[in-house]
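In: What would the 3D arrangement of this be:
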Amino acid sequence: KVTDPYATSRTTRKVGLGLPLIKMNTENCGGGMHIESQLGKGTRLTFWFRHDHWDRPPMGDLTGTLVMLLSQHEDIHMVITYTTDSGQYVIDSEELKEALGGMSMNDLSIIRFLKEMVAENLAQIGANE
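Out: Numbers count the residues shown, from 1 in each chain. Predicted structure coming up:
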């Protein structure tokens, strides 16, 4: 049901478009989407795009998006993996929290640090090229 735009658990609106839209975008450019979920354990969302496909939408501000997800959802354990032909970058929110020694990831100085770190690592693997 999660890829049905008219199925949502939200009470504020009757549609949920996030997953249906990304599923459509991945499929339109030779990619795909896979969802694994175990009750009480968690959910893994995997998306892939053929980078050189004509219909692949621009990635936009990938660094800003990843940092926003990490800093605004500290209660969710996220492992984000970005893979290119040049390498792979993995960022794990639990490892970040441990390295920060209890400092909040939504502290402005931490957000600046995270932006620099993520941008540098993505550049090393040729993301957004």
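
In: from here on, contacts and neighbour counts on C-alpha atoms
Out: Noted.

In: What distance do you get for the residue nearest to residue 94 when sequence neighbours are not counted to residue 5?
Out: Spatial nearest neighbour of residue 94, excluding adjacent residues (Cα to Cα, 6 or more residues apart in numbering): residue 77 at 6.2 Å. From residue 77 across to residue 5, the span is 25 Å (Cα to Cα, to the nearest Å).

In: on that earlier part again, reduced to three states, what does the residue nearest to residue 94 come out as?
Out: Under DSSP: H, G, I helix; E, B strand; the rest coil, residue 77 falls in the coil class.

In: any low-confidence regions in the chain?
Out: 10, 13-16, 129 (pLDDT under 70).

In: go again using 80 as the cut-off
Out: Within the chain, the stretches with pLDDT under 80 are 1-17, 128-129.

In: As a check, name the ranges of all strands in it.
Out: With strands called from DSSP state E, the chain shows them at 32-38, 42-48, 79-84, 87-92.

In: Give me the packing partners of the longest helix seen in the chain, helices and strands only.
Out: Ranked by residue count and defined by DSSP state H, the top helix of the chain is helix 108-124. Contact here means 3 or more Cα pairs under 8 Å, 6 or more residues apart in numbering; DSSP states H and E; on that basis helix 108-124 packs against helix 62-72.

In: got the buried residues for the helix it packs on?
Out: Of all the residues in helix 62-72, those buried under the rule 16 or more other Cα atoms under 10 Å are 63, 66-68, 70-71.

In: Please save the CA atoms from it in CSV.
Out: Output in CSV follows, covering the C-alpha atoms of helix 62-72 (Å, rounded to 0.1, in the frame of the first residue of the first chain):
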residue,chain,number,x,y,z
LEU,A,62,21.8,16.3,-2.1
THR,A,63,24.1,17.5,0.7
GLY,A,64,21.4,19.8,2.2
THR,A,65,18.8,17.1,1.9
LEU,A,66,20.9,14.5,3.7
VAL,A,67,21.9,16.9,6.5
MET,A,68,18.3,18.0,7.0
LEU,A,69,17.2,14.4,7.3
LEU,A,70,19.9,13.6,9.8
SER,A,71,19.6,16.7,11.9
GLN,A,72,15.8,16.9,12.0
